[in-house]
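Student: Here is a sequence together with a model predicted from it:
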Amino acid sequence: MQGFFVFLLTTASLFLRLSRLTTLSYYWREYDGNKNLQKSIETGKELFMPINKSAKKRVRQNSKCRMMNRSHKSALKTQIKKFVQSVQARNMADAEKHFSLTTKRLDQIAAKGIIHKKTASRKKSRLAKVLNKLKTATP
């Protein structure tokens with residue numbers, strides 16, 4: 001019976017490592033007696049926290065940077081959607097305005113390193129192509 005219990009615990013441990021289910025892994029970690037659990041700031045999931053001070057600070061910094069990067073990317077996507085909507089409405093003045101704002105935002109995000117500069121260049125090129133099509137289609 002003891003051999004089966006050890007096998008069951010090792011398979012549960014392997015399953016938890018593969019699946020990263022927080023509720024089950026929380027109980028498993030509590031069973032192990034590990035006190036280094038802390039809730040993640042953005043998701044509320046339980047995570048293993050590092051022990052030394054500098055690693056804890058690094059986790060906090062990474063979390064803040066991740067949230068800022070997400071907000072920048074979300075704002076960029078919103079700006080691109082506004083540009084696309086103005087193009088679909090065939091509103092040339094709004095399309096040009098949103099195109100300049102979108103390219104500005106792409107350059108800012110690329111300068112911060114949130115997206116690669118070539119990715120920003122590729123997106124600007126594709127948006128410019130759409131704008132030029134609208135210009136030629138509109139008399």
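Tutor: Done, it's in.

Student: And what about Ile51, helix, strand or coil?
Tutor: Using DSSP: H, G, I helix; E, B strand; the rest coil, the structure places Ile51 in coil.

Student: Can you give me the distance of it to Val59?
Tutor: With distances taken as Cβ to Cβ, to the nearest Å, Ile51 is found 11 Å from Val59. C-beta: built from backbone N, CA, C; applies to glycine.

Student: Look at these two and report which has more neighbours.
Tutor: The neighbour count for Ile51 versus Val59, taken as other Cβ atoms under 10 Å, is higher for Val59 (17 against 9).

Student: show me the residues around the more buried one that make contact.
Tutor: 49-50 (Cβ atoms under 8 Å, 6 or more residues apart in numbering).

Student: so is it in a helix, a strand, or just coil?
Tutor: helix.

Student: For Leu101, see how far away it is.
Tutor: 35 Å.

Student: Spell out, range by range, the helices that occur in this structure.
Tutor: In the chain, the helices defined using DSSP state H lie at 2-19, 22-32, 53-88, 92-112, 117-137.

Student: Pull the residues that contact the last one.
Tutor: By that I understand helix 117-137. Here helix 117-137 makes contact (Cβ under 8 Å, 6+ apart) with 80, 83-84, 87, 90, 92, 95-96, 99, 102-103, 106-107, 109-110.

Student: Apply 7 Å and report the result again.
Tutor: Contact with helix 117-137 is made by 83, 87, 90, 92, 95, 99, 102-103, 106-107, 109-110, as judged by Cβ atoms under 7 Å, 6 or more residues apart in numbering.

Student: May I see the PyMOL selection of the buried members of those?
Tutor: Selecting only the buried entries of these in PyMOL, with 16 or more other Cβ atoms under 10 Å as the criterion:
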select buried, resi 83+87+95+99+102+103+106+109+110
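
Student: now for the contacts of helix 117-137, which pair is the farthest apart?
Tutor: Pairwise distances across the contacts of helix 117-137 (Cβ to Cβ) peak at 29.3 Å, for the pair Arg90 and Ala110.

Student: what's the burial count for Leu134?
Tutor: Counted with other Cβ under 10 Å, Leu134 comes out at 18.

Student: what are the phi and psi values for Ala89?
Tutor: Main-chain torsions, Ala89, degrees, to the nearest 10: phi -80, psi 0.
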